[in-house]
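Undergrad: Return atomic coordinates for the entry below.
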Amino acid sequence: PVIAELNLNSPILWTSLPTAVDLCGHLGESSVVYYCGDDFSALAGVDHDTVAQHESELINKATLIFAASKKLMDKFPKHKAHLLPHGVDVNLFSTPAPRAKDLPSNHRPIAGFYGSLSKWLDYEIIDHVANAMPEWDFVFIGPNELDTLMLPKLSNVHYLGPRPHHTLPSYSQHWDVSLLPFVDNEQIRACSPLKLMEYLAAGTPIITTPFPALVPYQEHVTTVGSANQMIWALDHARQLSNSPISVVEQESWQTRGNFVHWMLELL
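TA: This next block holds a predicted model:
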């Protein structure tokens, strides 16, 4: 009925949720596109068996599949799947922004992170590093997705809560180092972190734990495998280079959109 009311003729059904496979064939669609942005088999709070069954059906029914990372690409038929990693709003994150007023202002170096405070952050490393480096301030921005806030309760650790997306350059351009302190799990191995691209566009030096999506950018980040390595990297932060804007100029959302538009025209 909704399709009729909208006067849609042979629409394309686009879904990023495997459970939407139940709609396939009921909307008069001409094609089915599956955009896979997560490894649902490793995602917390998901009925993995149910999702796996639905995803298998969706893969069979999909005309075209987009995957956010190379790791996700591995489970799809090569003739259907195309890599579609996250893009970045290059102008927003590269254009100089005023310093956020709620950043610590005690003239100490700042290491910052924004994103969900969830179980895939390495709180053990964060705790060790923050305790070992009282001369640094550590700033965390984003929603807390855990029952309790797992950040260490230290005077040099600042949890600012969520902030509107358009304000993030006012933070990432003005702290001294951007952090990506992830644990090594299946979800992180399959991810294409949007914040990595935004950190690169902001131009601030990046210190990160390793994960596969880093590979194209690894010469522009500092990768660490332990708390001691992160401490060393922060100690030498003044020697870390900023990422050139050319690294992400071809990774804009406009570029991603043009590719999707071209692929849809072929359906």
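Undergrad: Quick one: residues contacting Ala213.
TA: Remark: with contacts taken as C-beta atoms under 8 Å, 6 or more residues apart in numbering, Ala213 is in contact with 69-70, 85, 191-193, 196. For glycine as for every other residue, the C-beta is placed from the backbone atoms N, C-alpha and C.
Undergrad: likewise Thr63?
TA: 31-33, 80, 267.
Undergrad: ok, 6 Å please
TA: 31-32 (C-beta atoms under 6 Å, 6 or more residues apart in numbering).
Undergrad: first vs last residue of stretch 184-201, how far apart are they?
TA: Taking C-alpha to C-alpha, to the nearest Å, stretch 184-201 runs 25 Å from one end to the other.
Undergrad: Give me the contacts around it.
TA: Residues outside stretch 184-201 that contact it (C-beta under 6 Å, 6+ apart): 39, 42, 68-69, 71-72, 85-86, 88, 90, 93-94, 115, 120, 178, 182, 206, 211-213, 243, 247-248, 251.
Undergrad: Quick one: buried ones out of the residues you listed?
TA: The neighbour-count test (16 or more other C-beta atoms under 10 Å) applied to the contacts of stretch 184-201 identifies 39, 42, 68-69, 71-72, 85-86, 88, 90, 93-94, 115, 120, 178, 182, 206, 211, 213, 243, 247-248, 251 as buried.
Undergrad: What distance do you get for the spatially most central residue of the chain to Leu234?
TA: With distances taken as C-alpha atoms, centre = their mean, Pro193 lies nearest the centre of the chain, 2.1 Å away. Going from Pro193 to Leu234 by C-beta to C-beta, to the nearest Å gives 20 Å.
Undergrad: Now tabulate the contacts of Ala213 in TSV and tack on secondary structure and pLDDT.
TA: Formatted as TSV, the contacts of Ala213 follow (DSSP: H, G, I helix; E, B strand; the rest coil; pLDDT from 0 to 100):
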residue	secondary structure	pLDDT
Ser69	coil	90
Lys70	helix	90
Pro85	coil	91
Cys191	coil	84
Ser192	coil	78
Pro193	coil	83
Leu196	helix	94
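Undergrad: can you list those in CSV and add distance to Leu23?
TA: Below are the contacts of Ala213 laid out as CSV (distance: C-beta to C-beta, whole Å):
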residue, distance to Leu23
Ser69, 26
Lys70, 29
Pro85, 27
Cys191, 27
Ser192, 26
Pro193, 30
Leu196, 33
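Undergrad: Secondary structure element holding the residue nearest to Val177 when sequence neighbours are not counted?
TA: Leaving out its chain neighbours, the residue that sits closest to Val177 by C-beta to C-beta, 6 or more residues apart in numbering is Ala111, at 4.5 Å. In this assignment (DSSP states H and E), Ala111 forms part of strand 110-114.
Undergrad: can you pull the buried residues of that strand?
TA: Neighbour counts over strand 110-114 (16+ other C-beta under 10 Å) mark 110-114 as buried.
Undergrad: same thing with stretch 141-157?
TA: Buried residues in stretch 141-157, counted by 16+ other C-beta under 10 Å: 141-142, 144, 151, 156-157.
Undergrad: Now tell me what touches that stretch from outside.
TA: Here stretch 141-157 makes contact (C-beta under 6 Å, 6+ apart) with 114-118, 123, 127, 130, 134, 137-138, 140, 159-160, 162-163.
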